[in-house]
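In: Structure of the sequence below:
(2 chains)
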Amino acid sequence: MIELGTVAAILEPQRIRGLEMPWNRVMGTTEGPAGAARALGPWHPQEFMAECVETVPEAGGMMTFVFRRCDGAPLAFRAGQYVNVAFPVNGEDQDPVDRSYSLSSSPTEPWTFSITVKCDPTGLVSPWVHENVAPGTVLEMLGPVGAFHLPDADRRARYLLLAAGAGITPIMSMLRTIHSLPGTADVVVLYHGAEAGGFAFHEELAYIASVDSRVKVFYALGDRSKPEGWEWLSGRLTAAMLDDVAPDANGRQVYACGPEGYLNTATELLGKIGVDDTSINMEFFTGDRQTILEYQAEIALAVDIAEEIAEEIADSAEDYYESQPTAFGLYEPGYDAEGPLKATGLPLETVDPDAPTSEAPDGSPDVGPEAATPDASSFDTVGTGSLTLSFMRTGINVRIDPTEHILGPAQRAGVRIGANCKEGMCGSCKIVKLSGEIEMNHQGGIRAREIDAGKFLPCCSTARTDMVIDA
Amino acid sequence: MTASVNAPLNSRGKLASSLPAEQLAEISELFEFRRKGYSLDAPFYTDATIFKIDMEAIFGQHWIFAASIAELPEAGDYVTVDYGPYSLIVLRNDDGGVNVLHNVCRHRGARVLTEPAGSTGNLVCGYHSWTYSPEGNLIHASAPGETKFDKGCFGLKRAHSRVVAGLIFVCIADEPPADFDETAKIFEPYLAPHDLSKTKIAYQQNIVEEGNWKLVMENNRECYHCDGHPELACSLFPTWGLTEGLIPAHLEEVWDRNKEAQSSLEERCRRYGLPYEVVEELDTRIAGIRISRESLDGDGESFSPDGHRLSKKLLGDLPDFRLGRCSMHLQPNSWFHFQSDHVITFGVFPINEHQSLVRTTWLVADDAEEGVDYDLEKLTYTWKQTNLQDKAFVELCQTGAGSPAYEPGPYMKSEYQVEAFINWYVQRVQEHLA
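Out: Next up is the predicted model:
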């Protein structure tokens, strides 16, 4: 029991509850030592040159490339974001080919940064990268880009990180970041791979899981390739699997990255186990046209911002750095009215910018001012049966069999009807029909003059025709 | 019981001892011959003298709910609460604790603070500017020419207070009943995980019901009338208050769903170490309590039409939205619903024998943003509707109690908590009158 009246409050040091990025407190600081963290800016995308300083082979045909900026500045980004890299695939004298890759390193180690590239032998860029990028290689980059990232501060910090295949790269950045910071985070990683030996970073993942009590890592193989002795999960993502690894998933923020099919399945399953859609954050590593366009828009925006900033710096570098924002939320790339855009590492040249867009072909008529009476034809229709009951106040159509009492299906569809005896005696479910014919077998719960006035008891009535009901 | 006398509420002696012997005998008889299992005789709901006895014996002697800590987030924040003739100031002090002071100036009795809530440094009476510290000490009273005026003798009267799991309870009695600490030990572990100190008020509703405070409480202690709450019935199982064997045929399906939801909730509670067992000591202790964690229909998260969360920010360090409702009834004047996403507190503040203020407060996580994490209309809809329906029910009964044709009727099995409340009330008053 807390007895606040008796004990003087003791000033406690502010415990880090949940997750807090090291730069977060700088937001409220304009002077003093903490302000030095602003040197880690700028907090928006820039175009810069970076030199490869190390390559690390990973499982699953992947390779990590470690870079540092040629100007010596740290790279400020948020765990989960990506960079857009210009690769001179066809030689230095030809136009480079742009590709986006998630950063796999942690922004808490900002002096170098990594991307991890899976080699697709049929691809244009990734085999070239594996073969040609080596310590000493200098590449032109744009970044950071992307709205898929950990928050700067999160006092709850309960995460479910879902990764499939190369989708582990931004997840790895998040995990490394959380592992590097103090706090009371609670992280579950579920990592799907195609084959037992193909889980990139598995040694580091095992290490983090073994030393960091906040982190649990689960591996799962698809249906095809479960070898003898495989002790982890197998099969595609299912609700049961999610429930197994995180029975409290509905209280977590979900960050998921992988191919489109995997993410679509994940969205559906997460909804089923009760995760609110606003708690789901996704990054597509392959995607449909719409996705590709969204990522293009995100990168285009980043280019605009980078150019604008570059001009400001050119005008007066000193003024510019003095005016570094104290609120880092200034740049949140890739948002539109619908919410955050997704980010990807897609081959951008596959999109024909002149192709007609597929937006808004639906013919839903804009009727302007609200009509005086609701139109039942616009209502959702639920249930099965040969007759339709339109509930005008609830705004729903319920299909029903002529043998069913009306009350049950109506209530199940969400129509609010109070009911007590359900035997036609108490009359508490009494409602008004606007049109249609019913057959009622009541036991005194309604008076003849009420029936004449169009009222009936849905608990003991069946429908003979389609009906319109005032409920 | 024929007429009531406007007997003075004498602070130096019990009201009872100042009543004419005949009237006291009449009232004592009403308590003594109360028919068990039946609603009370009309005067309990309509008579001004019995109301005064209630104020003295129940509200003047017991721990009563005043507010939650979320209503006084900062030092200097206060609320004023009235229980019948009593007016109290509940003030957050500089140490983070709570001071409770009688809102009666020691000069000539004026109300010191006249607003229902606010923020203040010292407390200044608006009449002659007598000024009190937040502890209630009289620190200033202009006294030109006074020679024998000792400020030390005229501090605001203090009442006792306890803050348990963020709920503020007050006791006006000189010597509060001791068993409240035991009751607090029962409910603290249920409520603490919701961490009220990290919540804020999303909305507060004050309704004056034209009904005696006991009718308000009686109505709250049963769900026999819940057919009259269609919005609430979406998430609250209408089998509430029933047990195996009492389930009518039309509720069997609901009962099965309820049982399944309950066992899944209990599994979650065990996983997170949250207590859920029913503790029911409504009339077997002075600080009567019922507490449990029970499942909700639909998604099982909150009081919404589909049982889905109404605020997107979890309270405290709770790990999961599907935690049903932790509900508590406390005698004599409060009940609470603690969900994973929001908390609703209900306090009953008697005004007179036929009017009661019912204060409902919706609390969400203090970092939840209106319009982003919760929609205020949706958050408050179910209980706003339910409160209005309950107000109408209470008023129906109050009207009935005023009719010469009224006679007490039987509480049904599903209304056993109403009987427990009345039994508690009768016992407590009788003990006081003895």
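
In: can we go C-alpha only for contacts and neighbour counts from here?
Out: Fine.

In: With adjacent residues omitted, what lies nearest to B:Asp320?
Out: Spatial nearest neighbour of B:Asp320, chain neighbours left out: A:Gly251 (4.2 Å); criterion: C-alpha to C-alpha, 6 or more residues apart in numbering or on different chains.

In: and that neighbour, what pLDDT?
Out: pLDDT for A:Gly251: 96.

In: got it, and the one 4 residues further on?
Out: Confidence per residue is given as pLDDT, and for A:Tyr255 that number is 97.

In: Using PDB, write out every CA atom in the helix or strand it falls within.
Out: According to DSSP states H and E, A:Tyr255 maps onto strand A:253-258. The C-alpha coordinates for strand A:253-258 follow below in PDB (Å, rounded to 0.1, in the frame of the first residue of the first chain):
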ATOM      1  CA  GLN A 253       4.100  -3.200 -31.400                       C
ATOM      2  CA  VAL A 254       4.800  -5.300 -34.400                       C
ATOM      3  CA  TYR A 255       7.600  -4.600 -36.900                       C
ATOM      4  CA  ALA A 256       7.500  -7.000 -39.900                       C
ATOM      5  CA  CYS A 257       9.700  -7.100 -42.900                       C
ATOM      6  CA  GLY A 258       9.800  -9.600 -45.800                       C
END
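
In: tell me which strands and helices that strand is in contact with?
Out: strand A:158-164, helix A:168-180, strand A:280-284 (3 or more C-alpha pairs under 8 Å, 6 or more residues apart in numbering or on different chains; DSSP states H and E).

In: for the ones you listed, which one sits closest to A:Ala79?
Out: Taking C-alpha to C-alpha, helix A:168-180 is the member of these nearest to A:Ala79, at 5.0 Å.

In: Show me what secondary structure element comes after that closest one.
Out: Counting by DSSP H and E, the element after helix A:168-180 in chain order, helix or strand, is strand A:186-193.

In: by how many degrees do that next one and strand A:253-258 diverge?
Out: If you take axes from the mean of the first three to the mean of the last three C-alpha atoms, to 10 degrees, strand A:186-193 sits at 20 degrees to strand A:253-258.

In: Ramachandran coordinates for A:Pro259?
Out: With angles defined as degrees, to the nearest 10, A:Pro259 sits at phi -70, psi 160.

In: okay but it is in contact with A:Met282, surely?
Out: No. A:Pro259 is not in contact with A:Met282 according to C-alpha atoms under 8 Å; the separation is 10.4 Å.

In: Would you mind giving both backbone torsions of residue 225?
Out: Let's take chain A. The phi and psi values for A:Ser225, taken as degrees, to the nearest 10, are phi -130, psi 60.

In: That one and A:Ala194 touch, don't they?
Out: Yes. With contact defined as C-alpha under 8 Å, A:Ser225 reaches A:Ala194; the gap is 7.1 Å.

In: Give the residue from those two that has the larger number of neighbours.
Out: Set side by side, A:Ser225 and A:Ala194 show more neighbours around A:Ala194, with 17 against 14, by other C-alpha atoms under 10 Å in any protein chain shown.

In: Make sure the more buried one is actually in contact with A:Ala200.
Out: No. Applying C-alpha under 8 Å, one finds A:Ala194 not in contact with A:Ala200, separated by 11.2 Å.

In: Return the residues of the stretch 351-471 of chain A in contact with chain B.
Out: Contacts of the stretch 351-471 of chain A with chain B, taken as C-alpha under 8 Å from any C-alpha of the partner chain, map to A:414, A:416-422, A:428.

In: For the stretch 301-450 of chain A, give me the ranges with low pLDDT.
Out: Residues of the stretch 301-450 of chain A meeting the criterion pLDDT under 70: A:316-373.

In: so what's whatever residue of it ends up closest to chain B up against?
Out: Going by C-alpha to the nearest C-alpha, chain B is nearest to A:Gly418 of the stretch 301-450 of chain A, at 5.4 Å. A:Gly418 is in contact with A:428-429, B:227-230, counting by C-alpha atoms under 8 Å, 6 or more residues apart in numbering or on different chains.

In: sec struct for B:Ser327, please.
Out: Following DSSP: H, G, I helix; E, B strand; the rest coil, B:Ser327 is assigned to strand.

In: ok, and the closest non-adjacent residue to it?
Out: Nearest residue to B:Ser327, sequence neighbours excluded (C-alpha to C-alpha, 6+ apart): B:His337, at 4.5 Å.

In: B:Ile344 is in contact with the one you found, correct?
Out: Yes. Contact criterion C-alpha under 8 Å: B:His337 and B:Ile344 qualify, at 5.2 Å.

In: Would you state the strands of the stretch 351-471 of chain A in chain order?
Out: A:380-382, A:387-391, A:396-400, A:431-435, A:438-440, A:455-456, A:461-463, A:467-470 (DSSP state E, counting those that start in this stretch).

In: and the fifth one, which strands flank it?
Out: If I follow you right, that is strand A:438-440. strand A:461-463 (antiparallel) (DSSP bridges).

In: what's the offset of the partner strand from the middle of its chain?
Out: Distance of strand A:461-463 from the chain centroid (C-alpha atoms, centre = their mean, to the nearest Å) equals 46 Å.

In: contact partners of that strand?
Out: Here strand A:461-463 makes contact (C-alpha under 8 Å, 6+ apart) with A:387, A:401-407, A:436-442.

In: try 6 Å this time
Out: A:402, A:404-406, A:438-440 (C-alpha atoms under 6 Å, 6 or more residues apart in numbering or on different chains).

In: next one: stretch A:108-123
Out: Contact with stretch A:108-123 is made by A:61-68, A:74-75, A:103-105, A:126-127, as judged by C-alpha under 6 Å, 6+ apart.

In: Quick one: buried ones out of the residues of the stretch 351-471 of chain A next to chain B?
Out: Neighbour-count burial within these applies to A:416-422, A:428; the criterion is 16 or more other C-alpha atoms under 10 Å in any protein chain shown.
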